[in-house]
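In: Got a predicted structure plus its sequence, pasted below:
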Amino acid sequence: MEEKMYRRENRILFSLITTVIILGIYALYIYNNYIDSNPEILNDLKFWGKTFIILVPIMIVAQIILHIIFAIINKIITNEDMPTSEDEMDKLIELKSLRISRWVQSLIFFLAMGAITIGMHIWVMFVLLISSCFISSIVESIAQIYFYKRGIKHG
Amino acid sequence: MGKSSISNNIRRLRFNANEMTQQELADKTGVSRQTIVAIEKGNYSPSLELAFRIAYIFQTSLSEVFMYDPDKDKLRNKKLK
């Protein structure tokens, strides 16, 4: 039987799942408390700005807390400390995943501009722009998990 | 990922070095144990510097640690076609 060891992909998967859950809860909260009762608020750019600005610190604090929780769970299960620095394989995986994520972000940005061009509501562009940050981040995490599981080559 | 054109003898060399653990080798080479596992399985080809470091730890030559099989090298085979 394979000995349990710390694996970066487990931390990434944990972070990915919790990020999606937090985002889902936040989106549900915004919908139930603001959009559902007043759909006109979608056209208010101030509302979108506030929604995004509040989300950023929530995500940062949540990530810090979840990182600590994961470190404790990891220590209990594997009896290993999490590495404090990245080595060459981690950096290569990060670079390749980042490249994929940037492509996704560019594509969604292009779609957002396209939405404006064909005369859709301004909030559609705003939602697409905000989504591009999170979708590209999710794609980056999935790419990282894939490379850690399947291996990676230079070039 | 397909079969790598670079294989290695790290598992055997660790065994010959008083059953050195993957963690010990990782600590000596300055990488994570996960990276050592990936190299041993052929899922990651290390940089030249790390390859030399591994060879140095086992007090052997690079060719004793890593072997190159040109027939499995997809890039080389593509250029030959």
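Out: Thanks, I have the structure now. If you're wondering where the values come from, they're calculated on a predicted model, not measured in any experiment.
In: Any idea how many residues pack against A:Ile93?
Out: 24 (other CB atoms under 10 Å in any protein chain shown). From N, CA and C alone the C-beta is placed, and that goes for glycine too.
In: A:Asp36 now?
Out: 10.
In: can you give me the helices for chain B?
Out: B:10-16, B:22-29, B:33-41, B:48-57, B:62-65, B:74-80 (DSSP state H).
In: let me fix that: chain A
Out: So, for chain A - with DSSP H - the helices run A:8-30, A:45-78, A:88-117, A:122-150.
In: May I see these organised as a markdown table, with distance to chain B and mean pLDDT added?
Out: Shown next, in a markdown table, are the helices of chain A (distance: least, CB to the nearest CB, whole Å; pLDDT from 0 to 100):
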| stretch | distance to chain B | mean pLDDT |
| --- | --- | --- |
| helix A:8-30 | 6 | 91 |
| helix A:45-78 | 10 | 90 |
| helix A:88-117 | 4 | 95 |
| helix A:122-150 | 5 | 91 |
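In: if you compare these, which one is most tucked away?
Out: Of the helices of chain A, the one with the most neighbours on average (mean count of other CB atoms under 10 Å in any protein chain shown) is helix A:122-150, at a mean of 18.
In: Can you name every helix or strand that that one contacts?
Out: Packing contacts for helix A:122-150, counted by 3 or more CB pairs under 8 Å, 6 or more residues apart in numbering or on different chains; DSSP states H and E, involve helix A:8-30, helix A:45-78, helix A:88-117.
In: between the last one and helix B:48-57, how big is the angle?
Out: Interaxial angle, helix A:88-117 versus helix B:48-57 (axes from the mean of the first three to the mean of the last three CA atoms, to 10 degrees): 160 degrees.
In: okay, stretch B:19-34 in PDB with CA atoms only?
Out: Taking C-alpha atoms only, stretch B:19-34 is exported to PDB below (Å, rounded to 0.1, in the frame of the first residue of the first chain):
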ATOM      1  CA  GLU B  19      17.800   2.200   1.700                       C
ATOM      2  CA  MET B  20      17.800   6.000   1.500                       C
ATOM      3  CA  THR B  21      14.200   7.300   1.800                       C
ATOM      4  CA  GLN B  22      12.600   9.500  -0.800                       C
ATOM      5  CA  GLN B  23      12.300  12.200   1.800                       C
ATOM      6  CA  GLU B  24      16.100  12.000   2.600                       C
ATOM      7  CA  LEU B  25      16.900  12.400  -1.000                       C
ATOM      8  CA  ALA B  26      14.400  15.200  -1.300                       C
ATOM      9  CA  ASP B  27      16.000  17.000   1.600                       C
ATOM     10  CA  LYS B  28      19.500  16.500   0.200                       C
ATOM     11  CA  THR B  29      18.600  17.800  -3.200                       C
ATOM     12  CA  GLY B  30      16.400  20.700  -2.000                       C
ATOM     13  CA  VAL B  31      13.200  19.600  -3.700                       C
ATOM     14  CA  SER B  32       9.900  18.100  -2.400                       C
ATOM     15  CA  ARG B  33       9.400  14.400  -1.900                       C
ATOM     16  CA  GLN B  34       6.600  14.700  -4.500                       C
END
